[in-house]
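Colleague: got a sequence here, can you model it:
(one chain, ligands or ions: 1)
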Amino acid sequence: MNDLSLVRNFSIIAHIDHGKSTLADRMMELTHTVEDRKMKEQLLDSMDLERERGITIKAHPVTMKYKAKDGKIYTFNLIDTPGHVDFSYEVSRSLQACEGAILVVDASQGVEAQTVSNTYLANDNGLSIIPVLNKIEMPNADIDEVCQQIEDILAIEATDALQISAKKGIGIEAVLEAVVERFPPPTPGKDKFTRALVFDSKYDAFRGVVVYMRLFSGRLKAGDKVQVMSTGESYEIKEVGIFTPEMEKCPVLEEGSVGYVIANIKDASEIQIGDTLTIAKTPAPDALPGFKEIHPMVFSGIYPVETSDYEKLGASMDKLRLNDASFSFQAESSIALGFGFRCGFLGLLHMEIIMERLRREFNLDIISSYPNVVYRVILKNGDVQEIDNPMYLPDMSNIEHIEEPMINATIICPTDYLGEMMKLIMERRGDITKTDSIDGHRVMLTCYMPLNEVLIDFYDKLKTISRGYASMDYEYSDYQQSELVRMDIMIHSEVVDAFSSILHRSKAESRGRQMCKSLLDVIPRQAFAVAVQAAVNGKIIARETIKAYRKDVTAKCYGGDISRKRKLLERQKEGKKKLKKIGKVNIPQEAFIAVLKTNTQ
Ligand SMILES: Nc1nc2c(ncn2[C@@H]2O[C@H](COP(=O)(O)OP(=O)(O)OP(=O)(O)O)[C@@H](O)[C@H]2O)c(=O)[nH]1
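Modeller: As a prediction, the model looks like this:
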């Protein structure tokens, strides 16, 4: 039996870049969890992309043995969490698997937006919190000030906050001791039934789905038949083990432990994060609390640039989904872009990461259509439809009203840039519901905004306005009725579906004009004049004209160099192959890419 008093399950939470992965590395070093020669910086951020961008995308658990000053050997289960809002669902699952959270705050930056939201999540889960000030060796570290912020904004007692430098390895042992002293051990299970909380899963090409779980009661071992409580499906366990941080097989997992289970689960979609595993023969009467399905919030079409890559793209997405059940896709076709997939993501960063992984890991050349949120359409006959593709918006005459998803955003901004920040929020149809002063230099704004308005470039604008000093986080709120319209772009009177979008009526005209202008620059002249128009409900709101022009590529080859002429003509023929025909107009693929790029960045 496990001696629960010697177990500590905890997480490290922080704003992006405040140093939680570095702290995790130092803790692994000090506990000799990893041999020195294997130690590379930020060991837990194993995905290449994570390493490059310096952000944690997936939560990684690790089990460490620590010999404390009281002479006893403790088992620490540390669950590293992602810092970005797109993945806050993973943060909250990881926190549910713990009793404590180390709250890391960069002493040179102070409390930021994600410090606030992650602390709220930890409080919601009833965790003990140890505040830790990191980067204290930096010349601009202001310990008193940051302690004050922790007390004022987060309502956490900070007199006993630890002071460390994760980079230099200062104060790490005190953190390990505090974990022993200040975090409670797991509470024993309320009954003898087995209940394990699934907080993540990963697909392994050889072994199938590896389930990451925290065992709240009972035990699990190879040969047991486990049941997934949300679906009732049963699977035989092939192997159980812990993370050191590599997977290390062990004979049995006991109550209170964090580890993995490999059963004959083929697809990550068969098991959802937040689900409960129990023993099939003696199932627990109730699941662990908190299971909720996650729904993608952002949708976009992803298309191969080369049509022949369509099947490869589908197969690659299949593989990616095995690892990331929150990513969804289904086949769709677009007149403009050909065959592709409509994909659902948790947020824009998630979308960017999936696209980047498709490009890198699968060597695909892809393009995405305009990203949009899921709208709720209330029809006159009382039906409600959820629309994730503007093309499927029902006829306006049948619509009673349209609702859009809203968020509650927390923005922390230096007072100097407050005016501009408020202007930006207002431009994006946001309401500032609360303003709190933080330290005389910064304010915390709480706002209620449409998700659609933060999708595209809100975060970049926020950073530009504040010279990089503002931070933001948000959570989904509810749906609100709004004056939304579909805007179509027509080329020579044909609607180009890839460019259609749903947006607020007040934004249609300026966006329409901007899109028409950028198309004017990229569509080559044709033999006839071509109108590029933006329309809302059949009414034209912007227009540009591409003048007629007959292209004679050989004109510049004066003289009789026939072979050069032939070469040029051939090249022109090749160029033609890549043209998409929209009605009578030939549009090069690059034109789509250019316009979608400029309008989604
Ligand atoms: N000067 C200084 N830099 C530090 C210290 N700790 C971490 N850093 C640096 O701060 C940066 C961010 O550290 P990470 O550990 O990746 O931060 P993180 O909080 O895990 O970031 P995410 O995974 O993106 O949420 C890295 O460049 C670290 O080298 C410290 O004590 N002092």
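Colleague: so where's the longest helix in the protein?
Modeller: Longest helix in the chain, counting residues (DSSP state H): helix 505-522.
Colleague: and the helices in the stretch 401-550 of the chain?
Modeller: 418-427, 451-455, 458-465, 505-522 (DSSP state H, counting those that start in this stretch).
Colleague: what inclination does the longest one have with respect to helix 418-427?
Modeller: Here helix 505-522 runs at 90 degrees with respect to helix 418-427, directions being taken by axes from the mean of the first three to the mean of the last three Cα atoms, to 10 degrees.
Colleague: report all helices and strands that helix 505-522 contacts.
Modeller: strand 484-491, strand 530-536, strand 539-546, helix 589-600 (3 or more Cβ pairs under 8 Å, 6 or more residues apart in numbering; DSSP states H and E). C-beta coordinates here come from the backbone N, C-alpha and C atoms, glycine included.
Colleague: same thing but 10 Å
Modeller: Applying 3 or more Cβ pairs under 10 Å, 6 or more residues apart in numbering; DSSP states H and E, one finds that helix 505-522 makes contact with strand 484-491, strand 501-504, strand 530-536, strand 539-546, strand 585-588, helix 589-600.
Colleague: okay, now the unreliable bits of this structure?
Modeller: By pLDDT under 70, the weakly predicted segments of the chain are 1, 35-59, 82-90, 290-293, 323, 550-583, 588-590, 592-594, 596-601.
Colleague: quick one, domains of it?
Modeller: 4-182, 195-279, 298-369, 400-482, 486-599 (the TED database).
Colleague: out of those, which is closest to Met391?
Modeller: Closest to Met391 of those is domain 486-599 (Cβ to Cβ; 5.3 Å).
Colleague: so which residues of the protein form helices?
Modeller: With DSSP H, the ranges of helices along the chain come out as 20-30, 48-53, 88-96, 113-124, 143-154, 172-182, 310-323, 348-362, 418-427, 451-455, 458-465, 505-522, 562-577, 589-600.
Colleague: quick one: the strands in the stretch 301-450 of the chain?
Modeller: 328-334, 338-345, 366-368, 372-373, 375-379, 384-387, 399-414, 431-437, 442-450 (DSSP state E, counting those that start in this stretch).
Colleague: now the angle from the last one to helix 143-154?
Modeller: It stands for strand 442-450. 30 degrees.
Colleague: ok, strand 442-450: who's next to it in the sheet?
Modeller: Strand pairing for strand 442-450, determined by DSSP bridges: strand 399-414 (antiparallel), strand 431-437 (antiparallel).
Colleague: nearest to Glu361, out of the helices and strands packed on helix 505-522?
Modeller: Glu361 lies closest to helix 589-600 among these, at 21.0 Å (Cβ to Cβ).
Colleague: list the contacts for Asn372?
Modeller: By Cβ atoms under 10 Å, 6 or more residues apart in numbering, the contact set of Asn372 is 298-301, 387-390, 404, 451-452, 455, 500-503.
Colleague: in the stretch 301-450 of the chain, which residue sits closest to the ligand?
Modeller: Going by Cβ to the nearest ligand atom, the ligand is nearest to Leu349 of the stretch 301-450 of the chain, at 11.1 Å.
Colleague: ok, how many other residues are close to that residue?
Modeller: 19 (other Cβ atoms under 10 Å).
Colleague: now Glu181
Modeller: Neighbours of Glu181 (other Cβ under 10 Å): 12.
Colleague: I'd say it and Ile130 touch.
Modeller: Yes - between Glu181 and Ile130 there is a contact under Cβ atoms under 10 Å: 9.4 Å.
Colleague: which residues are in contact with Leu133?
Modeller: 18, 103-108, 110, 141-143, 146-147, 150, 158, 161-165, 171.
Colleague: what does Tyr310 give?
Modeller: 303-304, 331, 333, 338-341.
Colleague: same thing but 7 Å
Modeller: Remark: with contacts taken as Cβ atoms under 7 Å, 6 or more residues apart in numbering, Tyr310 is in contact with 304, 339.
Colleague: cool, and Leu337?
Modeller: Per Cβ under 7 Å, 6+ apart, neighbours of Leu337: 301, 303, 367, 369, 498, 592.
Colleague: and Leu424, how close does it get to Thr33?
Modeller: 45 Å (Cβ to Cβ, to the nearest Å).
Colleague: what sits closest to Leu30 if chain neighbours are left out?
Modeller: Closest residue to Leu30 apart from its sequence neighbours, by Cβ to Cβ, 6 or more residues apart in numbering: Ile172 at 5.5 Å.
Colleague: was I right to think the one you found contacts Ala24?
Modeller: No - with contacts counted by Cβ atoms under 7 Å, Ile172 stays clear of Ala24, the gap being 10.5 Å.
Colleague: if you count surrounding residues, which of the two has more?
Modeller: Taking neighbours as other Cβ under 10 Å, Ile172 and Ala24 compare with Ala24 leading, 27 against 21.
Colleague: only C-alpha atoms, please: export stretch 393-400 in PDB.
Modeller: What follows is stretch 393-400, C-alpha atoms only, in PDB (Å, rounded to 0.1, in the frame of the first residue of the first chain):
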ATOM      1  CA  LEU A 393     -26.000  30.800 -43.100                       C
ATOM      2  CA  PRO A 394     -29.800  30.400 -44.000                       C
ATOM      3  CA  ASP A 395     -31.500  32.900 -46.100                       C
ATOM      4  CA  MET A 396     -31.900  36.200 -44.100                       C
ATOM      5  CA  SER A 397     -35.600  36.200 -44.700                       C
ATOM      6  CA  ASN A 398     -35.900  33.100 -42.600                       C
ATOM      7  CA  ILE A 399     -33.800  34.400 -39.700                       C
ATOM      8  CA  GLU A 400     -35.300  35.800 -36.500                       C
END
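Colleague: burial measure for Asn398, as a count.
Modeller: When neighbours are defined as other Cβ under 10 Å, Asn398 has 11 of them.
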